[in-house]
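Visitor: A predicted structure for the sequence below; I have some questions about it.
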Amino acid sequence: MDWETLREILRIYGPTGREEKISQALGRLVTPYADEVYNDTLGNLIAVKRGVSGKKLMFSAHMDQVALVVVDIDKKGFLKLSTVGGINPVIAAAREVVFENGVRGVTYFENSAKHGVKDLTREELYADIGSESREEAEKLVSIGDMAVYVSNFVEMGNRIASAALDDRLCCAALVQATREMASPHDVYAVFTVQEEVGRGAGAAAYNIEPDLNISLDVTATGDIPECPPMSVELGRGPALKIMDSSVIVAPRVREFIERAAAGAGIPLQREILLCGGSDTGAIQRTRGGVLSGCISIGTRYIHTPVETADKRDVENAVKLLLAIAASADLP
């Protein structure tokens, strides 16, 4: 696994609905290994490697990241914020953020003297970019501009932490697999937009009409103190999604992935995500229905600046993608 690729794409701005920069970077990374690379109307990036079987195999990973959006600017130059994607406002306070144009700021919350951070609501979030008036702030940012957490890549033995591992971790894995992949099928590596608000992937699948889609995404873990029940742990391999709030994966798709993992000697966990969805469901419901499964990478502290995963799980996820791509028969 090329970890420098991950470092590179973690630094690139790409919130939901503003994925142009990350799309360009990923396009440059996969172009040497694909027969065709293009963006569809919504902005999904699609890299195609042609096969001979007449079957279409789609791998998908979303390239957008959660964000904070400016909804108002007050007379003193503070930026009123809302969230784009599932951000806990408690986590979003007292963070360093950056806008597309490079303007940096810090977040905090109103009424901080009256109540504690545990009572913080989304409506109380604001950003301080150092401006002293509305006019000064408006020279730097506009209503509708989005800020993302500043990404700081941390290595901790086999573990890595950073903002935007959801889902740049899986984008890097898909880039790596595209470089190494050999398949009898037409393989579509799709880097989707707007997953954090439930859009993008369905449109790509509608146009491609794959015989099988395998999404890649992060998932929660059950290996931290006093967390809700969850069977996934870091370092025990990628996880096979059984279901989440958007999808119940068809048994024949699950069995296909399990066979591929067993044949390649890859450890595989099982995942049931009780809260949260993925592109898997959006793709499954496309047209008259698409066979759709998901390989998940266990990640702690999702949608925070310190999302944490295990390198070994990522490497095994890449191996599993290669094993699936090499399979002569699809379910």
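Guide: In hand now; what should we look at?
Visitor: strands along the stretch 51-200 of the chain, start to end?
Guide: Along the stretch 51-200 of the chain, counting by DSSP state E, counting those that start in this stretch, strands occupy 56-62, 67-73, 79-84, 96-99, 104-109, 125-128, 146-149, 154-156, 159-162, 186-192.
Visitor: could the ones you listed be laid out in CSV, adding mean neighbour count?
Guide: C-betas here are computed from N, CA, C, even on glycine. Below are the strands of the stretch 51-200 of the chain laid out as CSV (neighbours: other Cβ atoms under 10 Å):
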stretch, mean neighbour count
strand 56-62, 26
strand 67-73, 21
strand 79-84, 21
strand 96-99, 19
strand 104-109, 19
strand 125-128, 22
strand 146-149, 25
strand 154-156, 10
strand 159-162, 20
strand 186-192, 26
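Visitor: could the ones you listed go into a markdown table alongside mean pLDDT and distance to residue 286?
Guide: Converted to a markdown table, the strands of the stretch 51-200 of the chain look like this (pLDDT from 0 to 100; distance: least, Cβ to Cβ, whole Å):
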| stretch | mean pLDDT | distance to residue 286 |
| --- | --- | --- |
| strand 56-62 | 97 | 10 |
| strand 67-73 | 97 | 26 |
| strand 79-84 | 96 | 24 |
| strand 96-99 | 97 | 34 |
| strand 104-109 | 95 | 37 |
| strand 125-128 | 96 | 35 |
| strand 146-149 | 97 | 27 |
| strand 154-156 | 95 | 38 |
| strand 159-162 | 97 | 31 |
| strand 186-192 | 98 | 12 |
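Visitor: would you convert these into TSV that also reports distance to residue 210?
Guide: Shown next, in TSV, are these (distance: least, Cβ to Cβ, whole Å):
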stretch	distance to residue 210
strand 56-62	4
strand 67-73	29
strand 79-84	28
strand 96-99	36
strand 104-109	40
strand 125-128	39
strand 146-149	30
strand 154-156	36
strand 159-162	30
strand 186-192	6
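Visitor: among the ones you listed, which is nearest residue 41?
Guide: Closest to residue 41 of the strands of the stretch 51-200 of the chain is strand 186-192 (Cβ to Cβ; 13.0 Å).
Visitor: so what strands line up beside that closest one?
Guide: Strand 186-192 pairs in its sheet with strand 45-49 (antiparallel), strand 56-62 (parallel), by DSSP bridges.
Visitor: dig out what residue 300 forms beta bridges with.
Guide: According to DSSP bridges, beta-bridge pairing links residue 300 with residue 308.
Visitor: tell me the contacts of it?
Guide: 220, 221, 223, 224, 234, 307, 308, 309 (Cβ atoms under 8 Å, 6 or more residues apart in numbering).
Visitor: 6 Å - rerun?
Guide: 221, 224, 308 (Cβ atoms under 6 Å, 6 or more residues apart in numbering).
Visitor: how about low-confidence regions in the stretch 1-150 of the chain?
Guide: Where the stretch 1-150 of the chain drops to pLDDT under 70, the residues are 112-118.
Visitor: neighbour-wise, give me the winner out of the contacts of residue 300.
Guide: Within the contacts of residue 300, most neighbours by other Cβ atoms under 10 Å means residue 221, with 25 neighbours.
Visitor: the residue lying closest to residue 14 once chain neighbours are set aside: which element?
Guide: With sequence-adjacent residues excluded and distances taken as Cβ to Cβ, 6 or more residues apart in numbering, residue 14 is closest to residue 22, at 3.2 Å. Secondary structure from DSSP states H and E places residue 22 in helix 20-30.
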